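predicted model, plus sequence, below.
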Amino acid sequence: MRKRRLIQNNKKGMEMVQVAILVAIAVILGLIFKNEITAFVNKTFESLNTGF
């Protein structure tokens with residue numbers, strides 16, 4: 001019974017580490033491609049505004 005709890009807690013901890021790594025990767029990619037993302041968003045909003 002104790003072993004199960006220990007394994008479950010370990011799995012939860014590993015899931016948190018995985019989520020933290022994914023968030024860090026997303027932030028790094030956002031910083032690297034900041035100019036491209038900004039240009040894409042601006043272009044998209046401009047095309048939406050001209051359509052209406």
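Yep, it's here. Residues are numbered from 1 along each chain as shown.

alpha carbons only for contacts and neighbour counts from here, please
OK.

longest helix in this structure, by residue count?
helix 2-32 (DSSP state H).

show me how far that one is from its chain's centre.
12 Å (Cα atoms, centre = their mean, to the nearest Å).

give the buried residues for it.
By neighbour count with 16 or more other Cα atoms under 10 Å, helix 2-32 contains no buried residues.

quick one: mean pLDDT for that helix?
Helix 2-32 comes out with an average pLDDT of 83.

now whichever helix or strand comes after it: how far from the chain's centre is it?
Helices and strands here follow DSSP states H and E; after helix 2-32, the next one along the chain is helix 34-51. Taking Cα atoms, centre = their mean, one finds helix 34-51 lying 21 Å from the centre of the chain it belongs to.

so helix 34-51 versus helix 2-32, what angle?
70 degrees (axes from the mean of the first three to the mean of the last three Cα atoms, to 10 degrees).

could the C-alpha coordinates of helix 34-51 be exported in PDB?
Taking Å, rounded to 0.1, in the frame of the first residue of the first chain, the C-alpha atoms of helix 34-51 are listed here in PDB:
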ATOM      1  CA  LYS A  34       8.600  36.900 -31.600                       C
ATOM      2  CA  ASN A  35       9.000  39.000 -34.700                       C
ATOM      3  CA  GLU A  36       7.400  36.400 -37.000                       C
ATOM      4  CA  ILE A  37       4.500  35.900 -34.600                       C
ATOM      5  CA  THR A  38       3.900  39.600 -34.200                       C
ATOM      6  CA  ALA A  39       3.900  40.100 -38.000                       C
ATOM      7  CA  PHE A  40       1.500  37.200 -38.600                       C
ATOM      8  CA  VAL A  41      -0.900  38.500 -35.900                       C
ATOM      9  CA  ASN A  42      -0.800  42.000 -37.300                       C
ATOM     10  CA  LYS A  43      -1.300  40.800 -40.900                       C
ATOM     11  CA  THR A  44      -4.200  38.700 -39.800                       C
ATOM     12  CA  PHE A  45      -6.000  41.500 -37.900                       C
ATOM     13  CA  GLU A  46      -5.400  43.900 -40.800                       C
ATOM     14  CA  SER A  47      -7.000  41.500 -43.300                       C
ATOM     15  CA  LEU A  48      -9.900  41.000 -40.900                       C
ATOM     16  CA  ASN A  49     -10.500  44.700 -40.500                       C
ATOM     17  CA  THR A  50     -10.400  45.400 -44.200                       C
ATOM     18  CA  GLY A  51     -13.000  42.600 -44.800                       C
END
